[in-house]
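Participant: Let me see the structure of the following:
(4 chains)
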Number of protein chains: 2
Amino acid sequence: MSLPKVTLREVANEAGVSIATASRALGGYAPVNEEIKKRVFEAARKLHYQHNLVAKNLRTRRTFTIGYLLPDITNPFYAGIARGIQDVAGSRGYSVILCNNDNDPAKTERFGKMLLRHRVEGIIYSTPYNEALLEMVETAAANGIPVVNCYGSTRVPSQDLVWSDASLGCYRGMRYLLELGHREIAILKVKGSGVSERRLEGCRKALEEFGVPFDPSLVIEAGDYSQKSGYLSAKIFLGNRRKPSALLSFNEQLSIGALKAAREVGVRIPQDLSVIAVDDIIAEVLEPPLTAIAIPKYEAGEITAALLLERIEQGDNVSSRQIILEEKLVVRSSTQVPRKKEG
Amino acid sequence: MSLPKVTLREVANEAGVSIATASRALGGYAPVNEEIKKRVFEAARKLHYQHNLVAKNLRTRRTFTIGYLLPDITNPFYAGIARGIQDVAGSRGYSVILCNNDNDPAKTERFGKMLLRHRVEGIIYSTPYNEALLEMVETAAANGIPVVNCYGSTRVPSQDLVWSDASLGCYRGMRYLLELGHREIAILKVKGSGVSERRLEGCRKALEEFGVPFDPSLVIEAGDYSQKSGYLSAKIFLGNRRKPSALLSFNEQLSIGALKAAREVGVRIPQDLSVIAVDDIIAEVLEPPLTAIAIPKYEAGEITAALLLERIEQGDNVSSRQIILEEKLVVRSSTQVPRKKEG
DNA sequence: GTGAAAGCGCTAACAC
DNA sequence: GTGTTAGCGCTTTCAC
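Facilitator: Okay, here's the model as predicted:
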C-alpha cells in the first residue's frame, strides 16, 4: 500500500526551513515570517502533507476525542442523543467514538477500557446501571477524565447529569386528559423501572389537583418496554368489565402494542379510548396520530456534550450539575373528550 | 485533574525489570519468564496502569480505527448499517469514528480530512455523490487507505461496494402483486433518483413476464423521499378516474404519506388498494401492517466492515469487489387479491 | 524569527 | 529471555 508517508521533515526540506519552523507555520504556534510561512504551506500542499494527529496527540497529551457509551444506536432514542453529542463535539473539533454495549456488562467493561486506553478526554454514557458501568465511571474519575450522564443510570454518581423531567411530562399528559373530562384513566407502566415511578408521581399530582382519587387498579404493569408487553397488558385491561376512557402509556413501543390490541377488540381510538404515549419518535405516523409527551433527546445530547467539553477545557473544578429538561405535550388526534357514560 | 499518569516505566520499576520486558510481558510480544510476567502484571494492576494507545499507535504506525461517513445517524436506515459496521469492527478490535455529514460537501470535506489526520486505517461511506466525497475517496486512495462504499454514491469509483439489488426487490414485489391478480398497479417513484430507475426496471421485468404491458401513466413521480411528497403524489393519483388496484412505492416514507392520503379520501387498504413499500423500518407497526420489501441494512454494514478489514489486514492487492445483497419480500396485511372490477 | 535538541510513551531491533 | 537503544512524528523549551 501507500506512498512514502510525508512527514513534517519532508515539508521542511521542501520549503528549505527547519522542522520547527514548519511546525510553527502550519500549526500557527508562533509567529513566522510571512514569506516563509507561504513557502511552507506551498510545500505542504504540493506534497499532500497530512498532519499526523497520532504524533501530535502523543506530544501534546491531548486527543480531542470523546467516547459515547450507549445501549444501541439502532434505537432512535439514543440515535437522537448521539446526533446532538456529535454535532456539538464536531463543531468544537472533537471526534466521538461510539460504543454500543447492549447493556451487557462484559461489553461495557471492554469498551470502557478501550476508551481509556485511547486516551479519550471525556466520556458520556446513556446506559442503565451495572457493576461494569460503575467501575468504568470510577476508574475514569480516578484518571481525571470527566464523565457525564445523559439519560443513564441514576444509581451511578457522576459529575454532571442530563435528564428530562419524567414526572412533569406525565403530569402534563394527565392534566390534559383530566381537562378533557376523563376521570377513569388507565396507566401503562413498566415494572421495576425507576423512571416509571417518577412518571407515576406526575400522574398522581395531576389527579390530586383535580380532586380525582388515585385508583391503583387502573395501573397496569408491563414486563418491559416492548410492543409485545404493551399488547399483552392492553389485552388484559381491555377485557376487564371496568372500561377506562383514556390510557396514558409510559413508552411509545408499549402504545403501539396497545393500539394493536385495541384494534383487535374493536375499541376505537379516540372515540372509545383516548391514548397518550410518552416519547415522540413515530407517534405522528401511527393511526391515529398519537398525542405524545416528547422527550428532548437531541437537545439533551447537545447539552451533555457542552457540559463535558466545558469540564475538559475549563478543568474539573466545577461542582456537579444536574440539568433537567422539560418534556412537552404534543397534541394530535388520539385524544378527545370522553363519551358520556352508558348507564 | 488527574493523578500522575502511570507509564510503562513506572510499571517496570515497580516490577524491577526493564521497560522492554514490561512491554513484552504486557503486550505478549515475546516470551517472558513466567515468574517475571506475573510480577509485571501485578505491578500494572497495582498502579492501575492503562496501556497508552496513542504512543503505541505512533510507534507501530497503526491505529485500529476506521471512519464511517454517513448522512445522518438519526435516520434508521443508516443507524442499521452503522450498527453492523460497529459490531464487526468492535469484535476485531477496531474502533469507529462516526461522521454525520448531512450530505453537505463542506462537512464531508472537513470530516474526510479529519479522518485522514487521525490516521484511520480505512473508511466506509454511505453518502450520495458530491465533489467533496469524490476528492476524499481519491486522497484516501492516494494515501493507501482503503475505502468501501456501502449504499453510497455509485458515481464514485471505490475499491469495494456493498449494495442491495433494488431491481430484484421490486421485481419480487411486483410479481407478488401480479400473482395476486392485480393488473393495474401504480408505481410511486422519485424523480431523478438512480435507485428509483433500477427499481422501475425490476417492475417492468415482472410485468413483462406476466405479459402485462407497462403503462407509463401509472408511474407517479414524487419530488423526493418524504412523507409529504408521498402524500401529495398519492392525492393526485387517487383523484384520477383511473383506479389502480395496487400501489408499489419505492420508499417507506412515501408510503406513509400515501396511506394518509388514502385514509382521507376513504380508500380502504387492502380492500380497495393493495400497498407494498420498499424498506421495512416501521412498516410493521403501521395500520395496516405493510407488506414490505426489506433492505438488509445491518447485514450490509457487517459485510462492508468485513471487506474493509480484509483490505486493511491482507493488504490492498485484491481486485475490487461488488457485493449485491438480496432484498426480500415480507408479506403482511396491506395486500390482497383485487376486488372484481365494477362494470 | 529561527534552528537544535529533548522528549511524549511506547515497540522492536540488536546485542548479550 | 532480558536489557539497551533507537526511533515513530510531532511540539516546545532553549539558545541564538
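
Participant: now check stretch A:228-247, is it near chain B?
Facilitator: No: judged by Cβ under 8 Å from any Cβ of the partner chain, stretch A:228-247 makes no contact with chain B; its nearest approach is 10.9 Å. Any C-beta I mention is one placed from the backbone N, CA and C, and that applies to glycine too.

Participant: what's the domain layout of chain A?
Facilitator: Domain assignment of chain A by automatic domain parsing yields the ranges A:8-60, A:65-163+A:297-324, A:166-295.

Participant: nearest to B:Val148, of the ones you listed?
Facilitator: Closest approach to B:Val148 among the domains of chain A (Cβ to Cβ): domain A:65-163+A:297-324, 18.5 Å.

Participant: Quick one: distance of that closest one to the chain centre.
Facilitator: Between the centre of domain A:65-163+A:297-324 and the centre of its chain there are 10 Å (Cα atoms, centre = their mean, to the nearest Å).

Participant: Is any residue of it near DNA strand C?
Facilitator: No: counting by Cβ under 7 Å from any atom of the strand, DNA strand C is not contacted by domain A:65-163+A:297-324; separation bottoms out at 8.8 Å.

Participant: ok, and for stretch A:66-85, which residues are buried?
Facilitator: For stretch A:66-85, burial by neighbour count (16 or more other Cβ atoms under 10 Å in any protein chain shown) applies to A:66-71, A:73-85.

Participant: Quick one: end-to-end length of it, please.
Facilitator: Using Cα to Cα, to the nearest Å, one end of stretch A:66-85 lies 10 Å from the other.

Participant: per-residue confidence averaged over it?
Facilitator: Taken as a whole, stretch A:66-85 has a mean pLDDT of 98.

Participant: Do any residues in that stretch lie close to chain B?
Facilitator: Yes: using Cβ under 8 Å from any Cβ, stretch A:66-85 reaches chain B at A:Asp72, A:Ile73, A:Thr74, A:Pro76, A:Ala79, A:Gly80, A:Ala82, A:Arg83.

Participant: Which two among those residues are spaced furthest apart?
Facilitator: Spatial extent of the residues of stretch A:66-85 next to chain B (Cβ to Cβ) is set by the pair A:Asp72 and A:Arg83 at 14.6 Å.

Participant: mind checking which helix or strand A:Asp87 is in?
Facilitator: helix A:76-91 (DSSP states H and E).

Participant: ditto for A:Val96
Facilitator: Assigned by DSSP H and E, A:Val96 belongs to strand A:95-100.

Participant: now the helix or strand that that strand is followed by against strand A:95-100, angle please.
Facilitator: Going down the chain from strand A:95-100, the next helix or strand is helix A:105-117, by DSSP H and E. Going by axes from the mean of the first three to the mean of the last three Cα atoms, to 10 degrees, helix A:105-117 is angled at 170 degrees with respect to strand A:95-100.

Participant: strands paired with the helix or strand following helix A:105-117, and their directions?
Facilitator: Remark: after helix A:105-117, the chain's next helix or strand is strand A:122-125, criterion DSSP H and E. Paired neighbours of strand A:122-125 in the sheet (DSSP bridges): strand A:65-70 (parallel), strand A:147-150 (parallel).
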